[in-house]
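>>> Let me see the structure of the following:
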Amino acid sequence: MQLKANGIPTFLVTGSNGQVGFELRRSLAPLGRVVALDRTGCNLSRPDEIRRVVREYRPDVIVNPAAYTAVDKAETETELAFAINGTAAGILAQEAKALGSLLVHYSTDYVFDGTKDGAYVETDPVYPQSVYGKSKLAGEHAITATGAQSLILRTCWVAGAHGGNFAKTMLRLARERDSLRVIADQFGAPTTAALIADVTAQIVAHHWLFGERASFPSGIYHLAAAGETTWHAYATEVLRYACAKGIELKVDPERIEPIPATAYPLHAPRPANSRLDTGKLRQAFGIHLPDWQYGVHHLLDQIFP
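Model prediction:
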C-alpha cells in the first residue's frame with residue numbers, strides 16, 4: 001500500500017484518553033496525521049461502528065491501546081471484556097488487512113499464569129488465570145488468524161502521567177494514611193505509557209513507514225522497561241523520589257510494610273511473575289529499553305515538576 005498522495009500517513013488511535021493512547025497522540029504526531037478517538041468516537045464493543053470508522057479514515061496504521069482493563073470486574077462482565085479485548089481486535093485486523101495497513105495492538109503479561117521462575121519469552125506456553133487475561137489472549141489469536149501485518153506488544157505494570165495507576169495511588173495513600181502495606185512477592189517491571197508510545201513510534205517510523213513493508217517482522221513481542229522489582233520496592237522508590245522532590249508525606253518510605261499477595265485477596269488472580277524478556281524486540285528493531293527507575297522518575301517529574 002502506498003501512502004496518501006501528499007505523502008503524509010494517517011494514524012488511527014483508539015482509546016485516546018487512556019494512559020497509552022494519550023501518549024501516542026504525542027509520539028505519533030511528528031510522523032503524520034493522528035486521528036485520535038475515545039470511546040464516543042469508536043466504541044469497540046460495537047463491531048459495525050469499528051468497521052465504519054476504519055473505512056471512513058482509511059488509516060495507514062491502526063494503533064489500538066483501547067482495552068477493557070477492569071481486571072476484577074471482568075470476572076462478572078465476561079461478555080463485554082471479550083467483545084472489546086477479543087472480537088474488536090480481530091475486526092481491526094480484518095480491516096487493516098483489507099487496507100494493506102499495519103495494526104499495532106497491545107496485550108499483557110496476564111496471558112501467562114505467572115508461575116515461571118524467570119522472565120517469559122514470547123514462545124512460552126500461555127495459560128491466563130483471569131477473564132481479563134483470557135480476553136486479551138483471545139485478541140492475540142483473533143489478530144494472528146487474519147494474517148494481517150501486525151505488531152502485538154505484550155507489556156506489564158503500565159503507568160502514565162495521564163490517568164490512574166499504582167504510582168499515583170501510592171502517592172495519594174501516603175498523603176492520607178500513616179502507614180502502608182504493599183505486596184512484596186509479585187515481580188515485574190513498571191513500564192511507562194510514554195516508553196510504550198515512543199517505542200511504538202520508532203518501530204512504525206523506521207520499519208513500516210520508511211522500511212520494506214514486505215519484510216516487516218509481524219508478530220508478538222514483549223515490551224517492558226529493563227530490570228525488575230516488586231510492588232513493595234516500586235512503592236518505596238516512588239515515595240523516596242517524591243520525598244526528594246519535597247513532597248510532604250505521612251508515610252516514611254522506609255517503613256512500608258511488605259505483605260504476601262495472600263494477605264490482599266482480589267476477585268481476579270494476578271500473576272506472581274510478570275517479568276517479560278524483551279530480547280526479541282530489542283534485536284528485531286534495535287530498541288534500547290531504559291531501566292524501570294528512569295521511567296518512574298520521569299513520570300514523577302511530570303506529576304511534580
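
>>> so how many other residues sit close to the residue nearest to Gly286 when sequence neighbours are not counted?
Closest residue to Gly286 apart from its sequence neighbours, by C-beta to C-beta, 6 or more residues apart in numbering: His206 at 7.9 Å. All C-beta spots, glycine's among them, are computed from the backbone N, C-alpha and C. By the criterion of other C-beta atoms under 10 Å, His206 has 13 neighbours.

>>> Over to Pro260?
Pro260: 11 neighbours (other C-beta under 10 Å).

>>> residues in contact with stretch 244-261?
The contact list for stretch 244-261 (C-beta atoms under 8 Å, 6 or more residues apart in numbering) reads 171, 173-186, 230, 232, 235-236, 239-240, 242-243, 270, 272, 300-301, 304.

>>> Try it again at 10 Å.
Contacts with stretch 244-261, where a contact means C-beta atoms under 10 Å, 6 or more residues apart in numbering, come from 170-171, 173-186, 230-233, 235-243, 263, 269-270, 272, 297, 300-301, 303-305.

>>> how far is the helix or strand encompassing His105 from where the chain is centred?
Per DSSP states H and E, His105 falls inside strand 102-108. Centroid separation for strand 102-108 versus its chain: 9 Å, with C-alpha atoms, centre = their mean, to the nearest Å.

>>> I'd like to know which elements it is packed against.
strand 10-13, helix 19-28, strand 61-64, helix 88-99, helix 131-146, strand 150-155, helix 193-204, strand 219-222 (3 or more C-beta pairs under 10 Å, 6 or more residues apart in numbering; DSSP states H and E).

>>> Could you name the helices and strands sitting against the second one?
Counting contacts by 3+ C-beta pairs under 10 Å, 6+ apart, the secondary-structure elements packed against helix 19-28 are strand 10-13, strand 33-36, strand 61-64, strand 102-108, strand 158-159, strand 191-192, helix 193-204.

>>> Neighbouring strands of the first one in the sheet, and parallel or not?
The strands that strand 10-13 pairs with in its sheet are strand 33-36 (parallel), strand 61-64 (parallel) (by DSSP bridges).

>>> Which parts of the stretch 201-305 of the chain are strands?
Counting by DSSP state E, counting those that start in this stretch, residue ranges of the strands within the stretch 201-305 of the chain are 219-222, 229-230, 257-259.
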